[in-house]
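Enquirer: 3D, please:
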Amino acid sequence: MEEIFAKLYDMTAFSNIVADPRFLIMYAIAFILLYLGIKKQYEPLLLVPIAFGVLLANFPGGDMGVIQADENGMVMVNGVMKNIWEMPLHEIAHELGLMNFIYYMLIKTGFLPPIIFMGVGALTDFGPMLRNLRLSIFGAAAQLGIFAVLLVAILMGFTPKEAASLGIIGGADGPTAIFTTIKLAPHLLGPIAIAAYSYMALVPVIVPLVVRIWCTKKELSINMKEQEKKYPSSTEIKNLRVLKILFPIVVTTIVALFVPSAVPLIGMLMFGNLVKEIGSNTSRLFDAASNSIMNAATIFLGISVGATMTTDAFLNWTTIGIVIGGFLAFALSISGGILFVKVFNLFTKKKINPLIGATGLSAVPMASRVANEIALKYDPKNHVLQYCMASNISGVIGSAVAAGVLISFLG
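Expert: Purely as a prediction, here's the structure:
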């Protein structure tokens, strides 16, 4: 009888959990992410599948965790080292499981991040940025955190490629962070993806925190509409629709000429936007890019990335360094945008609210909504959303270009 109960006990996951209590930490992380996504509604489309992927990967015996290949693509299969890229597709699915099949074929090849960028482009309106083009420069300034943390990470002992993958978290763009990490440090994909999306979800917490550190009440009360009335712009856009159609074509061409490695992200972003702006003639393409294709890609990306978060891959000092460094990159990027606005205001009569600099991130449109809420607390009539969107949208382009530069130099 005791033998039967012993076998039943061994059959369950409890025996594995008792033998390795680290599984409980991973469950706690998964439940926290689920809480943030479901209850707090912080990026639920991404945090929920990622969190569930963490759960699936850490149920002992479920074989749903992703096995990370080394830098040469070698993985252990039934006690034998094999090159994952030389294994037939059916062998990957049979020997390593469905999750590994999805991860290596869709994620690690770099296929899904550009597809998601296409969907983001289809959902993005570049109008606010084109109407306030001078504000787009603050999206570039907000990339400070990427390069600052890159240098700090190298001093901490990370390799240049690992440091670049860590620094890109400061761009506040999950697909960009994943794409860069795939190219430079694929063995860090799990913790970097979790950190990137977690901090994106915590934009409503982090942005106000950094703003309180750097900004005064007087600065946060700057009313952009009043500034526009006092110092009206001398340039006027006569045909915005034509400009919005030309913009993605021109940007793709320029980026392709100067930073070719950024084309997979920028090119797909601009293609998605182009089919949106053309209108009824490409409405079916727009609908597919912004709905079914993007939704399917998000599901596969989220669950697969979450499945990389096994106890061995996550519970180590490298991951702790990534979490700390990611927060530093995020905070420095916000700070860089704010400080650039403060410097800019020293040399111009037409003042700019520092909140516009704080939104030079890729977290569209959450960062802009948060900044607008902060402005309204100081002045109920001070709606800065459309101005923040100009900086916010340019931050998407800026982070993708920064990723391309890093890949070109270090890849």
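
Enquirer: C-alpha only now, for contacts and for neighbours.
Expert: Noted.

Enquirer: For residue 44, which residues are in contact?
Expert: 36-38 (Cα atoms under 8 Å, 6 or more residues apart in numbering).

Enquirer: again but with residue 132, I slipped
Expert: The contact partners of residue 132, taken as Cα under 8 Å, 6+ apart, are 387, 390.

Enquirer: separation between it and residue 260?
Expert: Distance of residue 132 to residue 260, given as Cα to Cα, to the nearest Å: 27 Å.

Enquirer: With residue 230 instead?
Expert: 42 Å.

Enquirer: Kindly report the same for residue 109.
Expert: Residue 109 is 18 Å from residue 260, by Cα to Cα.

Enquirer: One more: residue 115?
Expert: 18 Å.

Enquirer: can you check residue 156 too?
Expert: To residue 260, residue 156 is 30 Å away according to Cα to Cα.

Enquirer: The two: which is more packed in?
Expert: residue 260 (18 against 12; other Cα atoms under 10 Å).

Enquirer: Return the closest of the contacts of residue 44 with respect to residue 97.
Expert: Among the contacts of residue 44, residue 37 lies closest to residue 97 (Cα to Cα), at 27.3 Å.

Enquirer: tell me the secondary structure for that closest one?
Expert: Classification of residue 37 by DSSP: H, G, I helix; E, B strand; the rest coil places it in helix.

Enquirer: Around it, how many other residues sit close by?
Expert: By other Cα under 10 Å, 22 other residues sit near residue 37.

Enquirer: Verify the contact between it and residue 43 for me.
Expert: Yes: at 5.9 Å, residue 37 counts as touching residue 43 under the criterion of Cα atoms under 8 Å.

Enquirer: Apart from its neighbours in sequence, what residue is nearest residue 103?
Expert: residue 304 (5.6 Å; Cα to Cα, 6 or more residues apart in numbering).

Enquirer: For the one helix or strand the one you found maps to, list the C-alpha coordinates in CSV.
Expert: Applying DSSP states H and E as the criterion places residue 304 in helix 293-307. Taking Å, rounded to 0.1, in the frame of the first residue of the first chain, the C-alpha atoms of helix 293-307 are listed here in CSV:
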residue,chain,number,x,y,z
ILE,A,293,-1.9,38.4,-38.0
MET,A,294,-0.8,40.6,-35.2
ASN,A,295,-2.9,38.8,-32.6
ALA,A,296,-1.6,35.4,-33.6
ALA,A,297,2.0,36.7,-33.5
THR,A,298,1.4,38.2,-30.1
ILE,A,299,0.1,34.9,-28.7
PHE,A,300,3.0,32.8,-30.0
LEU,A,301,5.5,35.4,-29.0
GLY,A,302,4.2,35.8,-25.4
ILE,A,303,3.8,32.1,-24.6
SER,A,304,7.1,31.1,-26.1
VAL,A,305,9.1,33.9,-24.4
GLY,A,306,7.4,33.0,-21.1
ALA,A,307,8.4,29.4,-21.6
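
Enquirer: Could you pull out the buried residues of it?
Expert: 294-295, 297-298, 300-307 (16 or more other Cα atoms under 10 Å).

Enquirer: Return the member of those residues nearest to residue 119.
Expert: residue 294 (5.3 Å).

Enquirer: Against residue 287, how distant is the closest one?
Expert: With distances taken as Cα to Cα, residue 294 is found 10 Å from residue 287.

Enquirer: got a list of what the residue nearest the centre of the chain touches?
Expert: Centroid check for the chain by Cα atoms, centre = their mean gives residue 174 as the closest residue, at 1.7 Å. Shown in contact with residue 174 (Cα under 8 Å, 6+ apart): 193, 196-197, 200.

Enquirer: What of residue 48?
Expert: Counting by Cα under 8 Å, 6+ apart, residue 48 has contacts 33-34, 37-38, 302.

Enquirer: coming back round to it: quick one: which of the buried residues of helix 293-307 has the lowest pLDDT value?
Expert: On pLDDT alone, residue 305 ranks lowest of the buried residues of helix 293-307, at 84.

Enquirer: which non-adjacent residue is nearest that one?
Expert: residue 190 (5.8 Å).

Enquirer: host element of the one you found?
Expert: Counting by DSSP H and E, the element that carries residue 190 is helix 189-201.

Enquirer: Can you mark which positions in the helix or strand following that helix are buried?
Expert: Next along the chain after helix 189-201, taking DSSP H and E as the criterion, comes helix 203-214. Of the residues in helix 203-214, 203-204, 206-208, 210-211 count as buried by neighbour count, 16+ other Cα under 10 Å.

Enquirer: Make TSV out of those and add distance to residue 101 and pLDDT.
Expert: Below are the buried residues of helix 203-214 laid out as TSV (distance: Cα to Cα, whole Å; pLDDT from 0 to 100):
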residue	distance to residue 101	pLDDT
203	33	89
204	35	88
206	36	91
207	38	93
208	41	94
210	41	94
211	43	94
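
Enquirer: Export these to a markdown table and append columns for distance to residue 367.
Expert: Output for the buried residues of helix 203-214, formatted as a markdown table (distance: Cα to Cα, whole Å):
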| residue | distance to residue 367 |
| --- | --- |
| 203 | 6 |
| 204 | 7 |
| 206 | 10 |
| 207 | 8 |
| 208 | 10 |
| 210 | 12 |
| 211 | 12 |
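
Enquirer: From the residues you listed, pick the one nearest residue 404.
Expert: Closest to residue 404, out of all of the buried residues of helix 203-214 and judged by Cα to Cα, is residue 203, at 24.3 Å.

Enquirer: roughly how far apart are the closest one and residue 371?
Expert: 10 Å.

Enquirer: what do you get for residue 212?
Expert: Residue 212 is 12 Å from residue 371, by Cα to Cα.

Enquirer: cool, and residue 225?
Expert: The spacing between residue 225 and residue 371, counted by Cα to Cα, is 16 Å.

Enquirer: And these two? Which one has more around it.
Expert: residue 371 (27 against 15).

Enquirer: Just to be sure, the more buried one is in a helix?
Expert: Yes: looking at residue 371 with three-state DSSP, it is inside a helix.
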